[in-house]
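Enquirer: give the three-dimensional model of this entry:
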Amino acid sequence: MRAISCFVTSIALGLISCGGAAPGTVGGAARPDKAKAADAVDGPTQCREVGESGQPLIVDWPAHERTNLEEAMMSGVAVVAYDCKKLELLRDCRLDGQYGFLGLTKREEALQLVDADEIQANLPGFGTKLIAEFGAELKRGRSLDLAMVMAGKSRTTLPSATKADLKGKCDGATHFVRGAFVGAFAMAQGTRGAVRASAAIFGAGASASSDSKRLDQSREGEPQACGAVSPGDSTPPKNCRTAIRLELLAFSKGAAPASAPTPIEEVRRDTACPTGMVRSAGKCTTPTETAAHQCSGADAAECETQCKRGSVGSCFLVGVMRETGQGLAQDFSQAAKLYADSCAKGMAEGCDRLGVMHFYGSGAEKNPKRAAELFLQSCHNGLAAGCNDLGFVLDVGHGITRDSTKARALFAAACNGGSVHGCFNAGVVVDAGRGGAADPAQAKQFFERARQGGVVAGFKHGCNYGNAHSCFGLGYMHERGLFLEKNPAEAKKYYEKSCPGLEWSCDALGKK
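Expert: Below is the predicted model of the structure:
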């Protein structure tokens, strides 16, 4: 769809609007003057169409708005109104569900917003106010510098939702908050083209100099405190638990998809930008002929071009295409090489995919020990699927020492990171008392989070395509009457379908 153009005009009750509201005050806060905001930059700021997913920053939100978000995420799945005009939390609207927290290896990011379009796209909540305040400086070559220290991610297992699922006062609802990156941040004025390290931005954000005094309150959390996080932690460290960036998904118009997103679809969701913009250097920006950006995954040639320019995410997608033969000729060795390169540069998905190849010996040397190392690296980099994969390898002990205690903790961490399979597997081992004492009440909680994530439909789809774990899951549910009719004959059928491919199924059949 084409982009919708409008002039940035006013802020009313803290919400951005595109229209002809007259200057004045609302709720005691002065509205930016329409002409001042538009004239301070080179031309009008566009309202760019947003898509079915987005990852907007919320470091521009006032502290009380971030507190409101935290409260909303504690009482269910948070809901927002998000379009080219605004990003607004609907405090009295929610979906059933809950969030977990998955700690990751501390990660620092610094990025620079250099014009009004970038501010509007990346900071849709209150970016208009920043444009009005700093537009003149932007025109003179100044920039808005952001520093972020990520400690982990809060995530729900909910894969999709329709507006019929909403509860409360939900007028205007467009997206739900699938997750939020958590940590500490600072904003400060900078100079276009001179990107500073995050420590320098945190220092500038705390000063009262003429360069940064307007932003001296635009800082929350302490980067030093974020060093206390350990990968797999279920709670963020004190003074490092501020929501920084949201993961948004639009409400589905039809039935929920039967299967989980493909790796290409997942990357597309995680890097989505408003119409006409691309993800580059950690932000949504207008594409250029020289700077590398994340490819969409829809065009193999584009992905190969951006990979050559240095886009790690694009190289990962080329690897997926090479492994699956979708879009490019199948080449397992080339896929493994691309996964290894993206893994070495910090992309958790690359580590996980390469680990799977090594575990099964498909396209890479069969090496369970190396697979476990890669799954661990993926888990530490914040990918819930990596935690789940490592937990499974440790629980079955194929090629490595079996350790069900660690597996149990990893399944729980994967569930907290939003992995539906992680929640189900955690329920299985906790219910069986494997790796620790049996706890039926806790197992029930894990299973419920798996149900919210669509585990039944997902397992039916996976089993139809020969996935052994999915067939085991259906057998397990039929055996116990969990979400499906209790039916020993059906349970045996699914266990037989997945044994000897899956040790859990063989154990259920009494086969060793």
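Enquirer: could you use CA atoms for every contact and neighbour count after this?
Expert: Will do.
Enquirer: looking only at pLDDT, what's the mean for the one helix or strand His469 maps to?
Expert: Assessed by DSSP states H and E, His469 sits inside helix 468-480. Averaged over helix 468-480, pLDDT sits at 96.
Enquirer: check stretch 418-431 too.
Expert: Per-residue pLDDT over stretch 418-431 has a mean of 97.
Enquirer: quick one: neighbours of the residue nearest to Lys238 when sequence neighbours are not counted, just the number.
Expert: Distances taken as Cα to Cα, 6 or more residues apart in numbering put Ala225 closest to Lys238, at 6.8 Å, once the chain neighbours are dropped. When neighbours are counted by other Cα atoms under 10 Å, Ala225 registers 18.
Enquirer: that older thread, what does the helix holding His469 rub up against?
Expert: 456, 458-460, 462-463, 482-488, 490-495, 497-499, 501-502, 504-505 (Cα atoms under 8 Å, 6 or more residues apart in numbering).
Enquirer: and the helices in the stretch 1-150 of the chain?
Expert: Taking DSSP state H, counting those that start in this stretch, the helices of the stretch 1-150 of the chain run over residues 34-39, 63-74, 116-122, 127-139.
Enquirer: swap in the stretch 151-300 of the chain?
Expert: Under the criterion DSSP H, counting those that start in this stretch, the stretch 151-300 of the chain contains helices at 198-206, 263-270, 300-309.
Enquirer: and those helices as CSV, adding distance to Leu102 and mean neighbour count?
Expert: Converted to CSV, those look like this (distance: least, Cα to Cα, whole Å; neighbours: other Cα atoms under 10 Å):
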stretch, distance to Leu102, mean neighbour count
helix 198-206, 23, 21
helix 263-270, 17, 17
helix 300-309, 29, 18
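Enquirer: got a markdown table for those helices, with distance to Leu249 too?
Expert: Shown next, in a markdown table, are those (distance: least, Cα to Cα, whole Å):
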| stretch | distance to Leu249 |
| --- | --- |
| helix 198-206 | 29 |
| helix 263-270 | 8 |
| helix 300-309 | 24 |
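Enquirer: to Lys85, which of these lies closest?
Expert: helix 263-270 (20.4 Å; Cα to Cα).
Enquirer: so what does that closest one touch, helix or strand wise?
Expert: strand 53-54, helix 312-324 (3 or more Cα pairs under 8 Å, 6 or more residues apart in numbering; DSSP states H and E).
Enquirer: so of those, which one's packed in deepest?
Expert: helix 312-324 (a mean of 26; mean count of other Cα atoms under 10 Å).
Enquirer: in CSV: the helices of the stretch 1-150 of the chain, plus distance to Phe411, mean pLDDT and mean neighbour count.
Expert: Formatted as CSV, the helices of the stretch 1-150 of the chain follow (distance: least, Cα to Cα, whole Å; pLDDT from 0 to 100; neighbours: other Cα atoms under 10 Å):
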stretch, distance to Phe411, mean pLDDT, mean neighbour count
helix 34-39, 50, 39, 18
helix 63-74, 22, 94, 16
helix 116-122, 34, 93, 26
helix 127-139, 39, 86, 22
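Enquirer: Cys415 is nearest to which of those?
Expert: By Cα to Cα (comparing all of the helices of the stretch 1-150 of the chain), the closest turns out to be helix 63-74, at 16.4 Å.
Enquirer: for the closest one, the distance to its chain's centre please.
Expert: Relative to its chain's centre, helix 63-74 lies at 18 Å (Cα atoms, centre = their mean, to the nearest Å).
Enquirer: dump the residue contacts of Leu144.
Expert: Counting by Cα under 8 Å, 6+ apart, Leu144 touches 112-114, 187-190.
Enquirer: narrow those residues to those in strands?
Expert: 112-113, 187-190 (DSSP state E).
Enquirer: reformat those as JSON lines; add distance to Ala371 and neighbour count.
Expert: Formatted as JSON lines, these follow (distance: Cα to Cα, whole Å; neighbours: other Cα atoms under 10 Å):
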{"residue": "Gln112", "distance to Ala371": "37", "neighbour count": "26"}
{"residue": "Leu113", "distance to Ala371": "39", "neighbour count": "26"}
{"residue": "Met187", "distance to Ala371": "40", "neighbour count": "30"}
{"residue": "Ala188", "distance to Ala371": "42", "neighbour count": "27"}
{"residue": "Gln189", "distance to Ala371": "44", "neighbour count": "24"}
{"residue": "Gly190", "distance to Ala371": "43", "neighbour count": "24"}
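Enquirer: and of these, the nearest to Leu248?
Expert: For the ones in strands among the contacts of Leu144, the residue nearest Leu248 by Cα to Cα is Leu113; the value is 21.2 Å.
Enquirer: make sure that closest one is actually in contact with Gly141.
Expert: No. Applying Cα atoms under 8 Å as the test, Leu113 and Gly141 come out as separate, 11.1 Å apart.
Enquirer: what sits in contact with each of the two?
Expert: Common contacts of Leu113 and Gly141, defined by Cα under 8 Å, 6+ apart, are absent altogether.
Enquirer: mind putting the helices and strands packed on helix 263-270 in TSV, distance to Ile264 and mean pLDDT included?
Expert: Below are these laid out as TSV (distance: least, Cα to Cα, whole Å; pLDDT from 0 to 100):
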stretch	distance to Ile264	mean pLDDT
strand 53-54	14	95
helix 312-324	6	97
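Enquirer: nearest to Arg402 among these would be which one?
Expert: Closest to Arg402 of the helices and strands packed on helix 263-270 is helix 312-324 (Cα to Cα; 29.4 Å).
Enquirer: so what's the gap between that closest one and the chain middle?
Expert: What separates the centre of helix 312-324 from the centre of its chain is 19 Å, taken as Cα atoms, centre = their mean.
Enquirer: start at 9, not 1
Expert: OK, 9 is where the count begins now, so the last one is helix 320-332.
Enquirer: what is the orientation angle of the next helix or strand after that helix with helix 320-332?
Expert: Note on helix 320-332: by DSSP H and E, the next helix or strand toward the C-terminus is helix 340-352. Relative orientation of helix 340-352 versus helix 320-332 (axes from the mean of the first three to the mean of the last three Cα atoms, to 10 degrees): 150 degrees.
Enquirer: which pLDDT value belongs to the residue nearest to Gly363 when sequence neighbours are not counted?
Expert: Of all residues not flanking Gly363 in the chain, Ala379 sits nearest, at 4.1 Å (Cα to Cα, 6+ apart). Listed pLDDT for Ala379 reads 97.
Enquirer: on the three-state scheme, Ala379 is what?
Expert: helix (DSSP: H, G, I helix; E, B strand; the rest coil).
Enquirer: against Gly369, how distant is it?
Expert: Using Cα to Cα, to the nearest Å, Ala379 is found at 10 Å from Gly369.
Enquirer: just to revisit the earlier point, so which of the helices and strands packed on helix 271-278 gets nearest Glu96?
Expert: That would be strand 61-62 among the helices and strands packed on helix 271-278, by Cα to Cα, at 13.7 Å.
Enquirer: strands paired with the closest one, and their directions?
Expert: Neighbouring strands of strand 61-62 in its sheet, by DSSP bridges, are strand 250-258 (antiparallel).
Enquirer: what's the spacing between the strand it pairs with and its chain's center?
Expert: How far strand 250-258 lies from its chain's middle: 8 Å, per Cα atoms, centre = their mean.
Enquirer: tilt between it and helix 271-278?
Expert: 120 degrees.
Enquirer: who's in contact with the closest residue to Pro271 other than its chain neighbours?
Expert: Nearest non-adjacent residue to Pro271, counting by Cα to Cα, 6+ apart: Val328, 7.5 Å away. Neighbour list for Val328: 271-272, 343 [criterion: Cα under 8 Å, 6+ apart].
Enquirer: quick one: Val328 from Gln338, how far?
Expert: 9 Å.
Enquirer: quick one: low-confidence residue ranges for the stretch 9-158 of the chain.
Expert: Along the stretch 9-158 of the chain, the model assigns pLDDT under 70 to residues 9-53.
Enquirer: hmm, 80 instead?
Expert: Along the stretch 9-158 of the chain, the model assigns pLDDT under 80 to residues 9-55.
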